[in-house]
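> Provided below for reference: sequence and predicted model.
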Amino acid sequence: MKKIKIGIAGSRGLSTVMGLRALPDVEITALCNLDEATLDAQAKELGVAHKYRVFEDMLASDIDAVVIATPMQCHVPQAIAALEAGKHVMSEVTAGVTMDELWWLIETVEKSGCIYMMAENYIYTPQVQMVKEMVKAGLFGDTYYAEGMYLHNIDGLFKYPDGRSTWRSFWQCGKRGNFYPTHSVGPVMNWFPGDRITEITTYSPGVYNELGLRQDSGTTTMCRTEGGKLLNIRVDCTSPRPHNMTYYQLQGTKGIFQAASMGFGDRDKVSFLGADNPLGNMHWEALDNYRDYLPERYKAATAEQNAAGHGGGDFFIVEDFINAIRTNTQPEIDVYKACEWTAVGLLSELSVTNGSRTMQMPHFRKNMPLEEKKITL
């Protein structure tokens, strides 16, 4: 089996190291970081010989694929450069920062023939995968409503230690709308297989933060799917509150899943209709009671694979990327899903600044005609 050589750009990409090293015939041969001191320290710690401060110089090496984990405004330019250099790409979220970037990304992936995968790791958490299998088995009946919430106060990330503003002050919280939707959208769309988002509407209470930022103090984005399902996506990264980054709910005709609130002793839970649990008198039980529905590879995960993070999810996401390269098959989180889920946020900015106007979602798919690659109010 041919060894696959990986280059990692950006410090955030180090979250993939343990997963990549748990795979046979995969080697991390290069690191790229603008900060030379950080680069030297990381390369020494990981035992990686080849160090680059210029991304294009790393692309000129003999790597087969890159993990792009740089600031989000760099994702598309670097993905395009990598694809045009014949390198496969795993990109951190979001896929891009403008709608035009999404068209460029799709076109480049299609021309290159290389693998592109968005690293939306929240989809790979064990509970999200378990609920997916329970949906497939029909436990929830006909599912029609879901919630995804990413509530993460990041007010400590807007300044570097020397007082300079970080990129998050601009590309994340220097704009309005739902700037970071994929951790919420990805998991819930995972429970509506074959469906797609067709329209979004975003609501905001306004800007109440005292940080001098344009970002709304929480946005609620309602998404309608082609199948008529309704998604409630909430993101808030500036309000003072404890973290709650993985809250989800799924409602169906036969039952409900509700994720734990982070902290305070809560647990993931479900409730199903039945002879001993009749309509109007339902009770909760632990999601863990249904661990038989956990995919087999999660049950069989080794200690090394689980140590990669997120209950083994950070291993399985890179395993799927490597398998896609080996089989030359685009992964489940392909460029079209990456762009649709990212576009929820980009369209939300237009929605909230135009009186919560409903925005139509493009139908991201292979060989989209040019006349469909536009956004209208």
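On my side now, so go ahead.
> where along the stretch 51-200 of the chain do the strands fall?
65-68, 88-91, 116-118, 143-151, 197-203 (DSSP state E, counting those that start in this stretch).
> right, and these - which one's nearest Lys5?
strand 65-68 (7.6 Å; CB to CB). No exception for glycine: its C-beta is placed from N, CA and C like everyone else's.
> and that closest one, what does it pack onto?
Contact here means 3 or more CB pairs under 8 Å, 6 or more residues apart in numbering; DSSP states H and E; on that basis strand 65-68 packs against strand 4-9, helix 75-84, strand 88-91.
> residues contacting it, please?
With contact meaning CB atoms under 8 Å, 6 or more residues apart in numbering, strand 65-68 is reached by 4-10, 13, 16, 58-59, 74-75, 78-79, 82, 87-92, 115, 119, 321, 325.
> re earlier: distance to Tyr124 added to the strands of the stretch 51-200 of the chain, as JSON lines?
Converted to JSON lines, those look like this (distance: least, CB to CB, whole Å):
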{"stretch": "strand 65-68", "distance to Tyr124": "15"}
{"stretch": "strand 88-91", "distance to Tyr124": "13"}
{"stretch": "strand 116-118", "distance to Tyr124": "12"}
{"stretch": "strand 143-151", "distance to Tyr124": "15"}
{"stretch": "strand 197-203", "distance to Tyr124": "21"}
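> how many residues are close by Lys34?
One thing to correct before we go on: residue 34 is Leu, not Lys. 13 (other CB atoms under 10 Å).
> do you know the pLDDT at it?
pLDDT recorded at Leu34 is 95.
> in contact with the spatially closest residue to it that is not a sequence neighbour: list those residues for me.
Ranked by CB to CB, 6 or more residues apart in numbering and with sequence neighbours excluded, the top spatial neighbour of Leu34 is Arg53, at 5.9 Å. Each residue near Arg53 by CB under 8 Å, 6+ apart is listed here: Cys32, Asn33, Leu34, Glu36, Leu39.
> cross these against helices and list the overlap.
Among these, the members falling in helices (DSSP state H) are Glu36, Leu39.
> neighbour-wise, which one of the contacts of Arg53 leads?
So for these (other CB under 10 Å), the most neighbours sit at Cys32, 27 neighbours.
> pretty sure it sits against Leu59.
No. Between Cys32 and Leu59 there is no contact under CB atoms under 8 Å: 9.2 Å.
> which residues are common contacts for the two?
Joint contacts of Cys32 and Leu59 (CB under 8 Å, 6+ apart) are Gly7.
> any idea how far the most centrally placed residue in the chain lies from Gly186?
Nearest to the mean C-alpha position of the chain, by CA atoms, centre = their mean, lies Glu120 at 2.8 Å. Look at Glu120 and Gly186: by CB to CB, to the nearest Å, they are 4 Å apart.
> go on, Arg297?
Applying CB to CB to Arg297 and Gly186 gives a distance of 19 Å.
> mind checking pLDDT for Phe192?
98.
> which ones are touching the residue nearest to it when sequence neighbours are not counted?
Nearest non-adjacent residue to Phe192, counting by CB to CB, 6+ apart: Lys229, 5.6 Å away. Neighbouring residues of Lys229 by CB under 8 Å, 6+ apart: Thr143, Tyr144, Tyr145, Ala146, Phe192, Asp195.
> for Lys51, see how far away the nearest residue to Asp268 once chain neighbours are set aside is.
Excluding the flanking residues, the one nearest Asp268 by CB to CB, 6+ apart is Leu287, at 3.9 Å. Per CB to CB, Leu287 is found 44 Å from Lys51.
> so which of the two has more stuff around it?
Leu287 (21 against 17).
> verify the stated contact: the more buried one with Val270.
Yes. Between Leu287 and Val270 there is a contact under CB under 8 Å: 5.4 Å.
> returning to that earlier point: so what sits against both of Glu120 and Gly186?
Ile333, Trp341.
> now for the residue nearest to the centre of the chain: which residues touch it?
Contacts of Glu120 by CB under 8 Å, 6+ apart are Val93, Thr182, His183, Gly186, Ile333, Ala338, Trp341.
> can you check Tyr248 too?
Val128, Val131, Ala146, Glu147, Gly148, Met149, Ser184, Pro187, Val188, Phe257, Gln258, Ala259.
> what helices or strands is the helix or strand hosting Val318 leaning on?
Element membership for Val318, per DSSP states H and E: helix 313-327. Judged by 3+ CB pairs under 8 Å, 6+ apart, the packing partners of helix 313-327 are strand 4-9, helix 17-21, strand 88-91, strand 116-118, helix 303-306.
> circling back: most neighbours out of the contacts of Tyr248, which is it?
Busiest of these [other CB under 10 Å] is Ser184, holding 31 neighbours.
> and that residue, what pLDDT?
For Ser184, the model assigns a pLDDT of 98.
> could you check how far it is from Tyr248?
Counting by CB to CB, the gap from Ser184 to Tyr248 is 8 Å.
> need the overlap of contacts for the two.
Gly148, Met149.
> so where's the chain shaky on pLDDT?
Residues of the chain meeting the criterion pLDDT under 70: none.
> mind listing the helices for it?
17-21, 36-46, 55-59, 75-84, 99-112, 126-136, 182-189, 296-299, 303-306, 313-327, 335-352.
> relative orientation of the last one and helix 182-189 in degrees?
Which is helix 335-352. 120 degrees (axes from the mean of the first three to the mean of the last three CA atoms, to 10 degrees).
> got the CA coordinates for helix 335-352 in PDB?
Provided in PDB are the C-alpha atoms of helix 335-352 (Å, rounded to 0.1, in the frame of the first residue of the first chain):
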ATOM      1  CA  VAL A 335     -17.600  20.200  -1.600                       C
ATOM      2  CA  TYR A 336     -21.300  20.500  -2.300                       C
ATOM      3  CA  LYS A 337     -22.400  19.900   1.300                       C
ATOM      4  CA  ALA A 338     -19.500  22.000   2.500                       C
ATOM      5  CA  CYS A 339     -20.800  24.900   0.400                       C
ATOM      6  CA  GLU A 340     -24.400  24.500   1.400                       C
ATOM      7  CA  TRP A 341     -23.700  24.400   5.100                       C
ATOM      8  CA  THR A 342     -21.300  27.300   4.800                       C
ATOM      9  CA  ALA A 343     -23.800  29.300   2.800                       C
ATOM     10  CA  VAL A 344     -26.300  29.200   5.600                       C
ATOM     11  CA  GLY A 345     -24.000  31.600   7.400                       C
ATOM     12  CA  LEU A 346     -23.200  33.800   4.400                       C
ATOM     13  CA  LEU A 347     -26.900  34.100   3.400                       C
ATOM     14  CA  SER A 348     -27.800  34.800   7.000                       C
ATOM     15  CA  GLU A 349     -25.800  38.000   6.900                       C
ATOM     16  CA  LEU A 350     -27.900  39.200   3.900                       C
ATOM     17  CA  SER A 351     -31.100  38.100   5.700                       C
ATOM     18  CA  VAL A 352     -30.500  39.800   9.000                       C
END
